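**Student:** just coords:
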């Protein structure tokens with residue numbers, strides 16, 4: 001039996017939005033696109049054949065009490081919300097077994113990225129079909145410079161945010177191989193959220209730092225994470241999980257600033 005692992009995303013009302021992406025009414029975002037989501041199910045996985053990947057079962061309602069509850073400060077902050085459809089080639093299902101048929105039970109992590117170019121450029125790439133598995137990419141969510149939260153891939157799906165990757169935490173080294181032709185990665189148990197890169201950091205992957213992210217981006221990131229049950233120690237970066245040696249994002253990121261805001265937006269219930 002797999003443990004119940006949840007990232008609950010409660011989406012509120014949206015303010016006026018730009019027009020470069022497809023925008024759904026607030027009630028559609030709230031009720032259909034982002035319900036409470038289980039990354040893994042508590043249902044029994046019976047008769048799982050060996051060496052066969054099985055998509056995760058439909059989510060069940062959360063049974064255990066939340067450890068984190070949102071605060072008054074959280075309820076007083078409301079970022080603009082948008083939804084942009086991602087081409088199906090750029091995301092997939094979460095699996096309950098790896099390529100060897102072994103059941104996977106990893107708890108969720110949150111991986112923070114940056115776009116390297118504009119938010120529009122990233123969205124255009126994700127909306128373009130990519131049959132080549134080495135090119136496919138996506139995030140679950142993107143946060144623009146003005147703090148607008150753009151939902152891209154539903155959290156119960158597997159976004160392709162970190163190709164060759166490993167998470168090192170309290171449980172040791174964690175990674176899952178779901179495709180025999182690709183290196184193992186954290187994608188099967190990761191929620192990927194990216195910050196739009198500021199103009200002075202775009203267009204050159206060799207840049208090791210830039211002016212950093214806006215206050216609105218940090219607030220929206222904390223607002224988003226506050227709705228999850230992912231603990232602080234399982235919030236990480238693309239740079240930290242990457243094993244290709246090619247990723248250094250998010251550059252100039254201030255974890256102290258994020259955690260200060262996050263602890264204002266959610267309380268731990270002992």
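**Tutor:** That came through, no problem. All values reported here derive from a predicted model rather than from experimental measurement.
**Student:** tell me which element residue 267 falls in.
**Tutor:** Using DSSP states H and E, residue 267 falls within strand 266-268.
**Student:** list the buried ones in that strand?
**Tutor:** For strand 266-268, burial by neighbour count (16 or more other C-beta atoms under 10 Å) applies to residue 266. Quick note: C-beta positions are derived from backbone N, CA and C, even for glycine.
**Student:** Which elements pack onto that strand?
**Tutor:** strand 68-70 (3 or more C-beta pairs under 8 Å, 6 or more residues apart in numbering; DSSP states H and E).
**Student:** if we can go back for a sec, state the paired neighbours of the strand holding residue 267 in the sheet, together with their directions.
**Tutor:** Here strand 266-268 has these sheet partners by DSSP bridges: strand 68-70 (antiparallel).
**Student:** what are the ranges of the helices in this protein?
**Tutor:** With DSSP state H, the ranges of helices along the chain come out as 26-28, 72-75, 119-126, 215-226, 238-241, 255-265.
**Student:** Provide the contact partners of the second one at residue level.
**Tutor:** Read it as helix 72-75. With C-beta atoms under 8 Å, 6 or more residues apart in numbering as the test, helix 72-75 has contacts from 223, 226, 264, 265, 266.
**Student:** mind listing what's buried in it?
**Tutor:** For helix 72-75, a neighbour-count test (16+ other C-beta under 10 Å) marks 73, 74 as buried.
**Student:** Check the fourth one too.
**Tutor:** In terms of neighbour count (16+ other C-beta under 10 Å), helix 215-226 has its buried residues at 216, 217, 218, 219, 220, 221, 222, 223, 224, 225, 226.
**Student:** With respect to residue 251, which of those is nearest?
**Tutor:** Closest approach between the buried residues of helix 215-226 and residue 251, by C-beta to C-beta: residue 217, at 13.2 Å.
**Student:** which residues of the stretch 51-200 of the chain fall in strands?
**Tutor:** 68-70, 81-83, 91-93, 109-114, 141-143, 149-151, 157-159, 167-169, 172-174, 190-195 (DSSP state E, counting those that start in this stretch).
**Student:** out of the ones you listed, nearest to residue 202?
**Tutor:** Distance to residue 202, taken as C-beta to C-beta, is lowest for strand 109-114 among these, at 9.8 Å.
**Student:** any idea of the angle that closest one forms with helix 119-126?
**Tutor:** Counting by axes from the mean of the first three to the mean of the last three C-alpha atoms, to 10 degrees, strand 109-114 lies at 120 degrees to helix 119-126.
**Student:** Partner strands of strand 109-114 and their direction?
**Tutor:** strand 190-195 (parallel), strand 235-237 (parallel).
**Student:** and the shortest one, how far out from the chain's middle?
**Tutor:** So that's strand 235-237. 10 Å (C-alpha atoms, centre = their mean, to the nearest Å).
**Student:** now what about that strand, what contacts it?
**Tutor:** Contact with strand 235-237 is made by 109, 110, 111, 112, 113, 167, 225, 249, 250, 253, 258, as judged by C-beta under 8 Å, 6+ apart.
**Student:** and with 10 Å instead?
**Tutor:** 109-114, 162, 165, 167-169, 186, 190-191, 193, 221, 225, 228, 247-251, 253, 255, 258-259, 262 (C-beta atoms under 10 Å, 6 or more residues apart in numbering).
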